[in-house]
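>>> One predicted model, sequence on top.
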Amino acid sequence: MVVVLGATGTGKSALALQLAQRLGGEIVSADSMQVYKGLDIITNKVSPQEQRLCKHHMISFVDPLTTNYTVVDFRNKATALIEDIFGRKKIPIVVGGTNYYIESLLWKVLIDTKEAPHPGPSASGGEAMAIDRKVELEKLDGPELHRRLSLVDPQRAATLHPHDKRKLSRSLQVFEETGISHSEFLRRQQAEEGGGPLGGPLRFPHLCIFWLHAHQEVLDQRLDRRVDDMLANGLLEELRGFHRRYNEEKIAADRQDYQHGIFQSIGFKEFHEFLITEGKCPPETSLQLLKKGVETLKQVTKRYARKQNKWVKSRFLSRPGPNVPPVYGLEVSDGSRWEESVLEPAIQIVSSFIQGQQPAAEPLRIHGDGTENKRRLHVCELCDRTIIGDREWAAHTKSKSHLHHLKKRRKLSCGAAAPAPQNQDGGPEADKELREARPAEGGQQPLESNA
């Protein structure tokens, strides 16, 4: 099975299409927003013309008003499709950027709390009840969810931020409906033969994974141009039409929800103010809201691309273990060299896999700090913040806001004592003293986690 990873805007769909045509494969989309009908431009779906060039799966089949379609539903449908593709002696090519959708296909990492048919809009009982329970829990505030989870699954609670309502609710749901803690489920998965730090064993043993990556400044420029292209291709008309069909009634009834279903899509909520005020405010105000929406969309898209790349590095490149498949990097910064630097190397690597040979290209690997704990929970009482992960904690203790609070506390504790020596801009000497003081004054000791 071929898997094409990469940040939005790196050309994943283009490579998948070319590989499918050359190798006789079929494409399985792993994008959480592309499963919904509508918003084709903003979710960057492949065009109808491209879909006719080879078979595409998992695109535009869920009603946009469905809010209880889950990654479990996706996993069940997509794995059955992949097995069918294998059965027809073809190569499944998974492409997408939704991290947990891809993980659900590669590893045994999900927990089915209920066995039931797919929950459509009118579903009742079974899985629909499970989904409703999670939504019900999400109505509580984060600290209360964290407190409840700490009582029944302290190990899991120690790895989750008190404001991460989705994960907290899901872990509580798992315990309530199975009587087994989420931590215990994860431990059992990891203990299975072939399991490891990422979860249970790999579902498919012969994986050829590509990571398309580009220099950050090049990718940022490309993403800005892509937003401009979306506008030129009719983005506003698409948003207006979708808003009229599906969103106006929800807003009027105060039932708008940008946390579930297709309304989570990057690009829809960013234009919320523009859509609900268009025609009801002066043209200059509407224009300003439109410009604000465009700029916000560009910022959020670039932020999401960084998050996608961070996930690849964290989950694939810096994690040793038997259940972490090799990843082959393809540099896509120079679009004019696509054939020689992207397509042809990819073809050669896949051909080696098909022939049962080791590819000539070396897989990527980042040798991280073996002592780093990515899920350790730290509490900074000084800044009143909770931080997850050793690396994030180290970055926080060096941040301007933390140093500012540290300096403020020092002044208060010193009272009328002479100020610490510093140069004219208050920089190096003051910073050195703050760094030396940080271990004692930086906040509470980290809470250890075995997760």
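Arrived safely.

>>> Strands of the stretch 1-150 of the chain, start to end?
2-6, 26-29, 56-57, 92-95 (DSSP state E, counting those that start in this stretch).

>>> mind giving me a markdown table with those and columns for mean neighbour count?
In this view, the C-beta of every residue, glycine as well, is placed from N, C-alpha and C. Formatted as a markdown table, these follow (neighbours: other Cβ atoms under 10 Å):
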| stretch | mean neighbour count |
| --- | --- |
| strand 2-6 | 25 |
| strand 26-29 | 25 |
| strand 56-57 | 20 |
| strand 92-95 | 25 |
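
>>> Those: which one's closest to residue 340?
Closest to residue 340 of the strands of the stretch 1-150 of the chain, according to Cβ to Cβ: strand 2-6, at 18.2 Å.

>>> What strands line up against that closest one, and which way round?
strand 92-95 (parallel), strand 208-213 (parallel) (DSSP bridges).

>>> just to revisit the earlier point, would you format the strands of the stretch 1-150 of the chain as a markdown table with mean pLDDT and distance to residue 388 included?
As requested, the strands of the stretch 1-150 of the chain are exported to a markdown table (pLDDT from 0 to 100; distance: least, Cβ to Cβ, whole Å):
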| stretch | mean pLDDT | distance to residue 388 |
| --- | --- | --- |
| strand 2-6 | 96 | 23 |
| strand 26-29 | 98 | 30 |
| strand 56-57 | 97 | 35 |
| strand 92-95 | 98 | 28 |
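
>>> circling back: any chance of CSV for the strands paired with strand 2-6, columns distance to residue 13?
Shown next, in CSV, are the strands paired with strand 2-6 (distance: least, Cβ to Cβ, whole Å):
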stretch, distance to residue 13
strand 92-95, 6
strand 208-213, 10
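
>>> coming back round to it: any chance of the strands of the stretch 1-150 of the chain in TSV, plus distance to residue 161?
TSV is the format used below for those (distance: least, Cβ to Cβ, whole Å):
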stretch	distance to residue 161
strand 2-6	25
strand 26-29	30
strand 56-57	35
strand 92-95	29
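
>>> out of those, nearest to residue 399?
Closest among those, once you apply Cβ to Cβ, is strand 2-6, at 29.4 Å.

>>> got a list of contacts for that closest one?
12, 15-16, 19, 23, 25, 91-95, 97, 102, 106, 207-213, 308-309, 312, 316, 327, 332, 350 (Cβ atoms under 8 Å, 6 or more residues apart in numbering).

>>> Would you confirm that residue 61 contacts residue 34?
No. Assessed by Cβ atoms under 8 Å, residue 61 is found out of contact with residue 34, at 9.7 Å.

>>> These two: who's more crowded?
residue 34 (27 against 12; other Cβ atoms under 10 Å).

>>> Residue 402 against residue 380, yeah?
Yes. Under the criterion of Cβ under 8 Å, residue 402 makes contact with residue 380 at 6.8 Å.

>>> Correct me if wrong: residue 247 contacts residue 265.
No. At 11.9 Å, residue 247 does not count as touching residue 265 under the criterion of Cβ under 8 Å.

>>> could you point out the longest helix in this protein?
Longest helix in the chain, counting residues (DSSP state H): helix 283-312.

>>> That one vs strand 208-213, what angle?
Our comparison of helix 283-312 with strand 208-213, counting by axes from the mean of the first three to the mean of the last three Cα atoms, to 10 degrees, yields an angle of 140 degrees.

>>> in helix 283-312, what's buried?
Across helix 283-312, burial judged by 16 or more other Cβ atoms under 10 Å covers 286, 289-290, 293-294, 296-298, 301-302, 304-305, 308-309, 311-312.

>>> and after the helix or strand hosting residue 156, which helix or strand comes next?
Counting by DSSP states H and E, the element that carries residue 156 is helix 154-157. Sequence order places helix 165-178 as the next helix or strand after helix 154-157, per DSSP H and E.

>>> which strands and helices sit next to that next one?
helix 126-138, helix 142-152, helix 154-157, helix 182-191 (3 or more Cβ pairs under 8 Å, 6 or more residues apart in numbering; DSSP states H and E).

>>> Could you single out the most deeply buried of those?
Per-stretch averages of neighbours, counted by mean count of other Cβ atoms under 10 Å, single out helix 154-157 among the helices and strands packed on helix 165-178, with a mean of 21.

>>> what's the spacing between it and its chain's center?
Counting by Cα atoms, centre = their mean, to the nearest Å, helix 154-157 is centred 22 Å from the centre of its parent chain.

>>> and what of stretch 289-305?
For stretch 289-305, the distance to the chain centre is 17 Å (Cα atoms, centre = their mean).

>>> Quick check: which ranges of the stretch 151-300 of the chain have low pLDDT?
Across the stretch 151-300 of the chain, the ranges flagged by pLDDT under 70 are 193-199, 249-260.
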